[in-house]
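[1] Predicted coordinates and the sequence they were generated for:
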Amino acid sequence: MKLASLKHGRDGKLVVVSRDLTRMADAADIAPTLQAALDDWDTARPKLAALYKDLNSGSVAGVPFDEADCASPLPRAFQWADGSAYVNHVELVRKARGAEMPTSFWTDPLMYQGGSDTFLDPRGDIVMPQTEGWGVDFEAEVAVITGDVPMGVSASDAGNHIKLLMLVNDVSLRGLIPGELGKGFGFFQAKPSSAFSPVCVTPDELGDAWVDNKVHLPLVSHLNGDMFGKPDAGIDMTFDFGQLVAHAAKTRPLGAGAIVGSGTVSNKLDDGPGKPVAEGGVGYSCIAEIRMIETIDTGTAKTPFMDFGDQVRIEMFDADGASIFGAIDQTLVKA
C-alpha cells in the first residue's frame with residue numbers, strides 16, 4: 001500500500017496512491033491525515049488497503065497524482081530519531097579527522113533526536129541564510145514510521161511495530177557540527193529541517209526487497225543532474241530497523257507516528273572505502289563521505305559542499321525500474 005499527504009493545513013490531507021504513482025484516491029472517509037490513520041492503525045489499515053486494491057484494479061478511478069502537490073508524508077511528527085546504522089560512514093568520518101572509533105559503535109547504535117515540528121516538502125526548496133562556512137550537505141537515508149512501541153521492546157519484536165517506510169534527505173550543516181558536538185550536548189543548529197519522500201509504503205509493498213528489517217535496494221542520489229551515489233541500503237547496514245527501533249524505545253515508549261531513520265546509506269568496497277560512480281564504485285549518499293575519502297587519500301578535501309542553486313534528487317527503484325516512493329527533489333536557495 002502507498003500513502004501520501006497532500007499539502008493542506010499543518011498535517012496534510014491523506015490520499016491513497018496507485019502502485020505506479022499515477023493516480024490517487026481521497027482517504028478522508030477513513031482518516032483525514034496520516035497521523036490520524038496511525039493513531040487507529042488496526043482499524044484504518046484494512047480500509048486503506050481495500051481502497052488501494054480498488055484503485056490499482058480500476059474499480060475506483062481516482063484522479064491524477066502529482067508528487068509536487070505532496071508534503072512529507074508526516075508534515076510534522078511527534079518523534080524523529082535518526083540513527084547511524086551504516087558504521088562504515090561513521091568510521092570514515094572519524095578517520096578523516098584522526099579520531100579512533102570506539103569498539104562499542106559496532107554493538108550499540110548511534111542515534112540523535114531531531115527537530116520534528118516542521119519537515120520540508122519533498123519538492124520544496126532548502127532555504128538557508130548563508131552557505132559560507134556552514135557546509136550544507138544532503139544525506140540520503142531510509143526511514144520507518146512506527147505504531148505504538150512499548151518501552152523495552154526487543155529487537156526481534158520491534159520489527160512488528162514498523163508500519164510504513166519512506167526516504168529521507170537529512171539536511172546537515174557540516175561546518176556547524178564540530179562546534180556543537182564540542183559543547184558535549186549534541187546537534188541542534190547543525191540539523192535543520194529534513195525532507196521525506198512524497199510517498200510512504202507498507203513493508204509488504206517492497207516484496208522480496210524487505211528482508212530482516214532491511215531494504216535490499218539501491219538508494220539513488222543525483223547532485224546537479226549527475227549520479228552521485230547508488231549504494232544498496234541492505235548492504236553494510238550494521239543495525240537493522242528492528243534494532244534501531246528497539247534502541248529508540250529502550251527507556252521510553254514510542255507513540256504512533258514516530259519516525260526512525262537509518263542514517264546515511266554507505267557501502268564499502270573490498271572492505272575499504274567506496275569509490276565514486278565514475279570510477280566503478282557505487283558512490284555516496286552525502287558529500288561529506290567523498291570529502292572524507294579525499295582527505296584520507298590526499299590530505300585535502302576537494303569536492304565542495306552545496307551552494308545556492310545546487311539541486312539534489314533522491315529516489316529508489318524496484319527491480320523493474322519503477323520509482324517506489326517518488327523523488328525528493330530539492331534546490332538550495334538563499335533566504
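    Great, that's in hand. Numbers count the residues shown, from 1 in each chain.

[2] who touches residue 1 in this structure?
    When contacts are counted by C-beta atoms under 8 Å, 6 or more residues apart in numbering, residue 1 touches 16, 45, 48-49, 52, 201-202, 204-205. Any C-beta I mention is one placed from the backbone N, CA and C, and that applies to glycine too.

[3] Let me see the ranges of the helices in the chain.
    All helices of the chain, identified by DSSP state H, fall at 34-39, 41-57, 87-96, 155-158, 177-182, 241-248, 287-298.

[4] looking at the ones you listed, which has the lowest confidence?
    Mean pLDDT is lowest for helix 87-96 among the helices of the chain, at a mean of 76.

[5] now that one: how far from the chain's centre is it?
    Centroid separation for helix 87-96 versus its chain: 19 Å, with C-alpha atoms, centre = their mean, to the nearest Å.

[6] For burial, what's the neighbour tally of the nearest residue in space to residue 136 that is not next to it in sequence?
    Distances taken as C-beta to C-beta, 6 or more residues apart in numbering place residue 306 nearest to residue 136, at 4.3 Å, with adjacent residues excluded. Using other C-beta atoms under 10 Å, residue 306 is surrounded by 23 other residues.

[7] which of the contacts of residue 1 sit farthest apart?
    Using C-beta to C-beta, the contacts of residue 1 span at most 14.8 Å, a distance reached by 16 and 204.

[8] and the closest residue to residue 317 other than its chain neighbours, how many neighbours?
    Using C-beta to C-beta, 6+ apart and skipping residues adjacent in sequence, the residue nearest residue 317 is residue 323, 5.8 Å away. As a burial measure, residue 323 scores 17 neighbours (other C-beta under 10 Å).

[9] Mean neighbour count added to the helices of the chain, as TSV?
    As requested, the helices of the chain are exported to TSV (neighbours: other C-beta atoms under 10 Å):
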stretch	mean neighbour count
helix 34-39	22
helix 41-57	16
helix 87-96	20
helix 155-158	16
helix 177-182	12
helix 241-248	24
helix 287-298	19
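
[10] Dump the ones you listed to JSON lines, plus distance to residue 143.
    Formatted as JSON lines, those follow (distance: least, C-beta to C-beta, whole Å):
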{"stretch": "helix 34-39", "distance to residue 143": "14"}
{"stretch": "helix 41-57", "distance to residue 143": "17"}
{"stretch": "helix 87-96", "distance to residue 143": "16"}
{"stretch": "helix 155-158", "distance to residue 143": "14"}
{"stretch": "helix 177-182", "distance to residue 143": "20"}
{"stretch": "helix 241-248", "distance to residue 143": "9"}
{"stretch": "helix 287-298", "distance to residue 143": "19"}
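
[11] Pull the contacting residues for residue 108.
    Shown in contact with residue 108 (C-beta under 8 Å, 6+ apart): residue 247.

[12] where in this protein is pLDDT low?
    Low-confidence segments of the chain (pLDDT under 70): 96-98.

[13] ok, now which ones touch the closest residue to residue 68 other than its chain neighbours?
    Spatial nearest neighbour of residue 68, chain neighbours left out: residue 123 (4.9 Å); criterion: C-beta to C-beta, 6+ apart. The contact partners of residue 123, by C-beta under 8 Å, 6+ apart, come to 67-68, 70, 198, 328-330.

[14] Is there a quick PyMOL command that grabs whichever of these are buried?
    To isolate the buried subset of those in PyMOL, counting by 16 or more other C-beta atoms under 10 Å, use the following:
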select buried, resi 67+70+198+328+329+330
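
[15] If we only consider the contacts of residue 123, which is nearest to residue 244?
    Distances from residue 244 to the contacts of residue 123, taken as C-beta to C-beta, are shortest for residue 328 (20.5 Å).

[16] tell me the contacts of the residue nearest to residue 136?
    Neighbours of residue 306 in contact, by C-beta under 8 Å, 6+ apart: 126, 131, 136-138, 223, 287, 312, 332.

[17] for residue 294, same thing?
    300-303.

[18] Separate out the buried members of those.
    Among the contacts of residue 294, those classed as buried by neighbour count (16+ other C-beta under 10 Å) are residue 301.

[19] Nearest to residue 163, out of the contacts of residue 294: which one, please.
    Distance to residue 163 across the contacts of residue 294 (C-beta to C-beta) is lowest for residue 303, with 37.2 Å.

[20] So that closest one sits against residue 293, correct?
    No: Residue 303 is beyond contact range of residue 293, at 9.4 Å (criterion: C-beta atoms under 8 Å).

[21] beta partners of the residue lying closest to residue 121 once chain neighbours are set aside?
    The shortest distance from residue 121 to any non-neighbouring residue, by C-beta to C-beta, 6+ apart, is to residue 71 (5.4 Å). Under DSSP bridges, the beta-bridge partners of residue 71 are residue 5.

[22] Hmm, residue 112 is touching residue 190, no?
    No: using C-beta under 8 Å, residue 112 is not in contact with residue 190; the gap is 9.9 Å.

[23] Compare these two (neighbour count), which wins?
    Ranked by neighbour count (other C-beta under 10 Å), residue 112 and residue 190 place residue 190 first, with 20 against 17.
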